[in-house]
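In: Model the structure of this input:
(one chain, ligands or ions: 1)
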Amino acid sequence: MFESNKDSQDKKKKLVIGWFSFTCCEDSTILFTELLNDHYDEWTKVMEFRHIHALKTDNKLEDLDVAFIEGAVSSPTQEKEVIEIRQNSKYVVAIGSCACNGLPSASRNEFADEDLNEKIQWYFDNFDYSKKVRKLDDVIKVDDNVDGCPMNVDTFFSVVKKYLDLFEIT
Ligand code: SF4
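Out: Next up, the predicted model:
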């Protein structure tokens, strides 16, 4: 029996990706979903979106080829989560300035003691925040950065191409 084009396309190796957001405004996630308006058909032929909360509810954090991580790390819970992502991904790409450099999400690291008024202290006392907000590579190994606030789209395209080439996916 002959395979249809669709069957052989379904069996072809795809780049298995995850997209994650931590402490940030999620603008790069919005930008990514906007890019799907133009690239959905092309990308779903070569990529499997295995873990993307912004797009679907059935997500699996296992055996990812590339994890794209947006945002800074601001709590012990987030630290555990990014370590778990790293353990389940061959490569990790930091997305946007907050993940690459910490700022602007890490602005609170600059607060002087006198800035820590009662209201701000209340947040520290009532939520699971770390003392300092950290950029992604302060917590886990990062293989590539897509800097920008939000992410630079041309750099994002080149990074996607780099990993498609690396996994020999056409
Ligand atoms: S880098 Fe800019 S756009 Fe991206 S999450 Fe941080 S503040 Fe938002």
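In: Could I get the full set of helices for this protein?
Out: 5-11, 27-46, 76-87, 96-101, 118-126, 153-166 (DSSP state H).
In: Let's have these in JSON lines, adding mean neighbour count and distance to the ligand.
Out: C-beta coordinates here come from the backbone N, C-alpha and C atoms, glycine included. Conversion of the helices of the chain to JSON lines gives the following (neighbours: other C-beta atoms under 10 Å; distance: least, C-beta to the nearest ligand atom, whole Å):
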{"stretch": "helix 5-11", "mean neighbour count": "10", "distance to the ligand": "33"}
{"stretch": "helix 27-46", "mean neighbour count": "15", "distance to the ligand": "3"}
{"stretch": "helix 76-87", "mean neighbour count": "15", "distance to the ligand": "14"}
{"stretch": "helix 96-101", "mean neighbour count": "26", "distance to the ligand": "3"}
{"stretch": "helix 118-126", "mean neighbour count": "9", "distance to the ligand": "18"}
{"stretch": "helix 153-166", "mean neighbour count": "15", "distance to the ligand": "12"}
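In: worst average pLDDT in these?
Out: Within these, confidence is poorest for helix 5-11, with a mean of 60 (mean pLDDT).
In: OK, contacts around the residue nearest to the spatial centre of the chain?
Out: Nearest residue to the geometric centre of the chain (C-alpha atoms, centre = their mean): Ile69, 1.8 Å. Listed by C-beta atoms under 8 Å, 6 or more residues apart in numbering, the contact set of Ile69 reads Phe20, Ser21, Phe22, Val82, Ile85, Val92, Val93, Ala94, Ile95, Ala99, Leu136.
In: That one pairs with what?
Out: Counting by DSSP bridges, Ile69 forms beta bridges with Phe20, Ala94.
In: per-residue pLDDT, it?
Out: Confidence for Ile69, expressed as pLDDT, is 98.
In: ok so, going back, with distance to Leu55 as extra columns, can I get the helices of the chain in a markdown table?
Out: Conversion of those to a markdown table gives the following (distance: least, C-beta to C-beta, whole Å):
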| stretch | distance to Leu55 |
| --- | --- |
| helix 5-11 | 19 |
| helix 27-46 | 7 |
| helix 76-87 | 17 |
| helix 96-101 | 18 |
| helix 118-126 | 30 |
| helix 153-166 | 16 |
